[in-house]
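Trainee: whatever this is, show me its structure:
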Amino acid sequence: MVEDTQAVNKSTVSAKRTKRAHGPGRRLHGAIAHRLGTDILAGKYQPGDILSGEVAFAEELHVSRSAYREAIQVLTAKGLVASRPKAGTRVLPRERWNLLDPDVLGWAFAGEPDIAFVRSLFELRLIVEPSAARLAAERREKTELTAMKLALTGMREHGLMTEAGRSADRDFHTAILQATRNDALIVLSASIGAAVNWTTQFKQRARALPRNPIPDHAQVYDAIAAQDADGAAAAMTVLVELALEDTHGSME
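Mentor: Numbers count the residues shown, from 1 in each chain. From the prediction side, this is the model:
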């Protein structure tokens with residue numbers, strides 16, 4: 001609790017220092033939303049639980065009531081909670097949560113994520129990404145190929161142990177979805193990118209990656225560049241399956 005209080009208090013100082021640049025309390029309510037969101041995803045608060053009232057929470061962490069209300073609005077927009085006058089703020093059932101929201105994914109991996117949830121993310125990727133790679137091979141244009149190649153270069157230069165390398169990894173997967181020319185798939189770019197980023201960080205939290213996954217990405221690129229739809233789908237399937245295997249190894 002002391003660490004949580006210090007973290008929020010540090011955010012309070014940051015918010016004051018950046019008030020003109022970022023607006024009053026923007027960083028503070030973000031820190032509060034992060035704490036509450038992480039607690040909900042970790043199971044500290046169960047569906048149906050009532051969160052502390054704004055007065056009690058504000059007094060406990062020495063933050064303003066308005067910052068707490070803004071944080072609750074963030075959680076509400078992501079489907080985690082619902083607030084009603086006199087009834088308080090209640091944690092909603094898990095099926096209401098926007099689990100593909102990049103922030104929610106981050107909160108899930110801030111602690112020890114549920115293995116079933118991790119598996120569900122990879123199952124989603126196995127449904128979406130091989131088909132996306134197939135479409136990308138059929139529809140890609142020079143701009144997307146250039147973006148994929150630049151992303152591969154960034155991954156090789158920085159490695160996936162760094163934020164720059166993981167950012168390049170996100171760019172690679174985003175470029176593939178963009179190349180599908182399918183608006184419904186493109187909408188998933190932020191979610192797929194966040195899932196790739198957080199699972200990559202998670203599986204190397206205690207040790208280096210057990211193998212180099214960049215050649216797997218290169219095989220996907222080569223197939224897309226060659227307009228080999230079947231090869232692109234197969235290479236992406238292998239990439240995701242090996243990533244799941246590495247992640248399972250990190251959770252054992």
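
Trainee: how far does stretch 171-180 sit from the chain's center?
Mentor: Distance of stretch 171-180 from the chain centroid (CA atoms, centre = their mean, to the nearest Å) equals 16 Å.

Trainee: do stretch 83-99 as well
Mentor: With CA atoms, centre = their mean, you get 21 Å for stretch 83-99.

Trainee: and that stretch, what's buried?
Mentor: 89, 91-92, 97, 99 (16 or more other CB atoms under 10 Å). (Glycine included, C-beta is placed from N, CA and C.)

Trainee: cool, and stretch 60-77?
Mentor: Buried residues in stretch 60-77 (16+ other CB under 10 Å): 61, 63-64, 67-68, 70-72, 74-75.

Trainee: max pairwise distance over those residues: which two?
Mentor: Across these, the longest distance by CB to CB is 17.0 Å; it joins 64 and 75.

Trainee: so where's the longest helix in the protein?
Mentor: If you go by DSSP state H, the chain has its longest helix at helix 115-139.

Trainee: ok, which stretches of the stretch 101-250 of the chain are helices?
Mentor: 102-110, 115-139, 142-158, 163-179, 183-186, 189-203, 214-225, 229-251 (DSSP state H, counting those that start in this stretch).

Trainee: so the third one versus helix 115-139, what angle?
Mentor: With axes from the mean of the first three to the mean of the last three CA atoms, to 10 degrees defining the directions, helix 142-158 sits at 130 degrees from helix 115-139.

Trainee: quick one: contacts of helix 142-158?
Mentor: With contact meaning CB atoms under 8 Å, 6 or more residues apart in numbering, helix 142-158 is reached by 136, 164-165, 167-169, 171-172, 174-176, 178-179, 214, 217-218, 221, 224-225.

Trainee: quick check: angle from that helix to helix 163-179?
Mentor: 160 degrees.

Trainee: the second one now?
Mentor: Compare the direction of helix 115-139 with that of helix 163-179 by the same axes, to 10 degrees and you get 60 degrees.

Trainee: lowest-confidence helix or strand of the chain?
Mentor: helix 19-22 (a mean of 36; mean pLDDT, DSSP states H and E).

Trainee: got the CA positions of the next helix or strand after that helix in CSV?
Mentor: Next helix or strand after helix 19-22 toward the C-terminus (DSSP states H and E): helix 26-42. Presented in CSV, the C-alpha positions along helix 26-42 are these (Å, rounded to 0.1, in the frame of the first residue of the first chain):
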residue,chain,number,x,y,z
ARG,A,26,-4.1,14.1,-16.8
ARG,A,27,-1.2,12.0,-15.5
LEU,A,28,-2.7,11.7,-12.1
HIS,A,29,-6.0,10.2,-13.1
GLY,A,30,-4.1,8.0,-15.5
ALA,A,31,-2.0,6.6,-12.6
ILE,A,32,-5.2,6.0,-10.5
ALA,A,33,-6.8,4.2,-13.5
HIS,A,34,-3.7,2.1,-13.9
ARG,A,35,-3.7,1.1,-10.2
LEU,A,36,-7.4,0.2,-10.2
GLY,A,37,-7.3,-1.4,-13.6
THR,A,38,-4.4,-3.6,-12.5
ASP,A,39,-6.1,-4.6,-9.3
ILE,A,40,-9.3,-5.6,-11.2
LEU,A,41,-7.4,-7.6,-13.8
ALA,A,42,-5.4,-9.3,-11.0
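
Trainee: in the sheet, who's paired with the closest residue to residue 45 other than its chain neighbours?
Mentor: In space, and not counting its chain neighbours, residue 45 is closest to residue 91: 5.0 Å by CB to CB, 6 or more residues apart in numbering. When bridges are called by DSSP bridges, residue 91 pairs up with residue 81.
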